[in-house]
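**Q** fold the following for me, if possible:
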Amino acid sequence: MSVQGGKTAPSKVTPFSAFAPEPTISQRQVYIANQQLQRHLDVERLLNVFFDLCNKLTVVDGLDLIVPEGVGPKLRLNQGDLTQHKAKYNLSIDGTPIGILSFHRRKRFREQELANLETLQGALIYPLKNALMYECLLRESQLDPLTNLGNRRAFDQHFERECAIAKRYQSPLSLIIFDIDHFKQINDRHGHKVGDLALIECTKRLQKGVRQSDTCFRLGGEEFAVLLRNTGLDQAKQVADRTLDKIRAKPLNMPKARIKLTCSAGLSEFEGDPSKLFDFADQALYIAKSSGRDQAHIG
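**A** I've put the predicted structure just below:
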C-alpha cells in the first residue's frame, strides 16, 4: 500500500504467473513440430520423433510415456535413459486424460527449458490421441475374442520381431506350441459351448504355467503358441512341463460331466531361420501327439 495526498492508494500486485519465464519456442516452431508428428500413427515411432524434437530445444536424456488401463490402450514406452531428475506431466484433452509423460535428465531442468518443453507438448497432444486410438483398433484386430490372447496375426508380427531381435543380439529364443488333446471329442460329446469353456479354462491354466516375460497366443482352434525371449531349450522344457502340469491338474467340472483336460506340446530353439523354428516345434508337437499325448517333445 502507498499514500498519495493523504489517501491510501492500493499497490499493484504482480501475479505469480508473471514470474514464470516465457517460452522461447515460437508458435511457428510448434506448428512445424505438429505437422511432423501428425505423420505417425505408431505410438513408439511418434514418441521417438517427439524425443528428437525435444533435443533440438534442450538436452533431454529420456522420455517415459505411461497410458494407464482405462485411459487408453494400456502401455508404457520410453526413449533414451530414464535418469534421476524428471518433470512429469498429466496429458489431457478437454479434461479427458490420455497419458502421463515424463522428461528425464541427469541434471535438473531450468525453468526456461521446462517452459519450452511444456509449449512443445501442445504439438504432441492430438497426434498422440490419434496414435492411441489407432493402437486400440490394432489391438482389437489382433485379439482373440474368446480367450483375450493375441491371435494368429499378432503371433506372426511378434514372431518376426522376436526372431530379428534374437538374430541381431545373438540371444536365445524358444517357441512352444500347445494343442489340447481330444478337443474334437469334447466338442462332439458336449457341444461347442462346452468346447469354448474348455478353451477358456486351458488359457487360464496356460497363463499360470508360463512366466510373465513369455507371450501367449491362440493360433486357431485348440492350438496355442508361447514365445520365450532369452530362453534356451532347457528352460523352455521346464516351462512346458510346468504348464502341462497346470493344465492336467484337475478336470473341468460341468453340470453333467467332468472333462479331463490335457495338452501336448512341441518346442524348439531359434538357430537363425524363423521358418525352421516354427516347423521344428510343429514337428515336435506331432511326435508328442503320436507318442501318447499329454507330454512335451523337443524338436
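**Q** going forward, measure contacts and count neighbours with C-alpha atoms only.
**A** Fine.
**Q** what's the helix or strand for Lys204?
**A** In this structure, Lys204 sits in helix 192-209 according to DSSP states H and E.
**Q** buried ones in that helix?
**A** Neighbour counts using 16 or more other Cα atoms under 10 Å place 194-196, 198-199, 202-203, 205-207, 209 of helix 192-209 among the buried residues.
**Q** how about the residues you listed in JSON lines, adding distance to Asp273 and pLDDT?
**A** Rendered in JSON lines, the data for the buried residues of helix 192-209 read as follows (distance: Cα to Cα, whole Å; pLDDT from 0 to 100):
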{"residue": "Val194", "distance to Asp273": "39", "pLDDT": "94"}
{"residue": "Gly195", "distance to Asp273": "35", "pLDDT": "94"}
{"residue": "Asp196", "distance to Asp273": "35", "pLDDT": "95"}
{"residue": "Ala198", "distance to Asp273": "34", "pLDDT": "96"}
{"residue": "Leu199", "distance to Asp273": "31", "pLDDT": "97"}
{"residue": "Cys202", "distance to Asp273": "30", "pLDDT": "97"}
{"residue": "Thr203", "distance to Asp273": "28", "pLDDT": "97"}
{"residue": "Arg205", "distance to Asp273": "30", "pLDDT": "97"}
{"residue": "Leu206", "distance to Asp273": "27", "pLDDT": "97"}
{"residue": "Gln207", "distance to Asp273": "27", "pLDDT": "97"}
{"residue": "Gly209", "distance to Asp273": "27", "pLDDT": "97"}
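**Q** between the residues you listed, which sits nearest Leu117?
**A** Looking at those and their distance to Leu117, the nearest is Gln207, at 41.5 Å (Cα to Cα).
**Q** which residues touch that closest one?
**A** By Cα atoms under 8 Å, 6 or more residues apart in numbering, the contact list for Gln207 reads Cys216.
**Q** from Glu113, how far out is it?
**A** Per Cα to Cα, to the nearest Å, Gln207 is found 46 Å from Glu113.
**Q** got it, and Val71?
**A** Look at Val71 and Glu113: by Cα to Cα, they are 29 Å apart.
**Q** over to Arg211?
**A** Distance of Arg211 to Glu113, computed by Cα to Cα: 42 Å.
**Q** what is the strand or helix carrying Phe51 packed up against?
**A** Secondary-structure element containing Phe51, defined by DSSP H and E: helix 43-57. Counting contacts by 3 or more Cα pairs under 8 Å, 6 or more residues apart in numbering; DSSP states H and E, helix 43-57 packs against helix 27-37, strand 62-67, strand 75-80, helix 111-141.
**Q** can you give me phi and psi for Gly191?
**A** Here is the backbone geometry of Gly191 (degrees, to the nearest 10): phi 90, psi 160.
**Q** how many neighbours does it have?
**A** Residues contacting Gly191 under the criterion other Cα atoms under 10 Å number 12.
**Q** what do you get for Ser291?
**A** Taking other Cα under 10 Å as the definition, Ser291 ends up with a neighbour count of 12.
**Q** what's the answer for Ser26, then?
**A** Counted by other Cα under 10 Å, the residues lying close to Ser26 total 11.
**Q** quick check, pLDDT for it.
**A** Here, the pLDDT recorded for Ser26 equals 89.
**Q** same deal with Thr8?
**A** The predicted local confidence for Thr8 comes out at a pLDDT of 42.
**Q** cool, Gln4 as well?
**A** 41.
**Q** how about low-confidence regions in this structure?
**A** Low-confidence regions of the chain, defined by pLDDT under 70, span residues 1-20.
**Q** walk me through the domains of it.
**A** Annotated domains of the chain cover 20-141, 152-298 [automatic domain parsing].
**Q** single out the most deeply packed of those domains.
**A** Across these, averaging neighbours per residue (mean count of other Cα atoms under 10 Å) puts domain 152-298 on top, at a mean of 18.
**Q** any idea how far that domain is from the chain center?
**A** Going by Cα atoms, centre = their mean, to the nearest Å, the spacing between the C-alpha centre of domain 152-298 and its chain's C-alpha centre is 21 Å.
**Q** same check, this time on stretch 35-45
**A** A distance of 18 Å separates the C-alpha centroid of stretch 35-45 from that of its chain, computed with Cα atoms, centre = their mean.
**Q** ok, stretch 124-139 next?
**A** The chain centroid and the centroid of stretch 124-139 are separated by 14 Å, computed with Cα atoms, centre = their mean.
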